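Enquirer: Structure of the sequence below:
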Amino acid sequence: MTQVLNEGLSFGDAIKALKQGRRVARAGWNGKGMWLVLDPGSTVGEVRPGSAYHKAGVTGSFTINPHIDMKTATGEMQPGWLASQTDMLADDWVILE
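Expert: Sure, this is the predicted structure:
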């Protein structure tokens, strides 16, 4: 079971926590087990044959920029989560252990 370390936080507080390597979520999200994490980005040394990058003609090494990923209610990781205005204005953000 995931423990809540802090609650009642703003979106700005949640972003600060993400930058510190913490997981965050909204208490108001309907899906259970959903949370966010900041992926710091990475350098890909070589494009995998058959990957979307390969099919798009990307060659050599390249950088994937930092981005926020979401663990969905179905247990999948969704890269590139985007906040809604409701998320940005909410004060029900929590930091998870």
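Enquirer: Just say helix, strand or coil for Ala14.
Expert: Taking DSSP: H, G, I helix; E, B strand; the rest coil as the rule, one finds Ala14 in the helix state.
Enquirer: Count the residues that sit near it.
Expert: Counted with other Cβ atoms under 10 Å, residues neighbouring Ala14 total 25. C-betas here are computed from N, CA, C, even on glycine.
Enquirer: Which residues are in contact with it?
Expert: Counting by Cβ atoms under 8 Å, 6 or more residues apart in numbering, Ala14 makes contact with 24, 36, 93, 95.
Enquirer: From Leu89, how far off is it?
Expert: Separation of Ala14 from Leu89 (Cβ to Cβ, to the nearest Å): 12 Å.
Enquirer: Quick check: Gly45 touching Thr63?
Expert: No: using Cβ atoms under 8 Å, Gly45 makes no contact with Thr63, being 10.9 Å away.
Enquirer: what is the most centrally placed residue in the chain paired to in the beta sheet?
Expert: Centroid-nearest residue in the chain: Asp69, 2.2 Å away (criterion: Cα atoms, centre = their mean). Beta-bridge partners of Asp69, counted by DSSP bridges, are Val37.
Enquirer: ok, Val58 touching Val47?
Expert: Yes: the pair Val58 / Val47 is scored as a contact, 5.4 Å apart, by Cβ under 8 Å.
Enquirer: Secondary structure element holding His54?
Expert: helix 52-55 (DSSP states H and E).
Enquirer: what's the following helix or strand after that helix?
Expert: strand 62-64.
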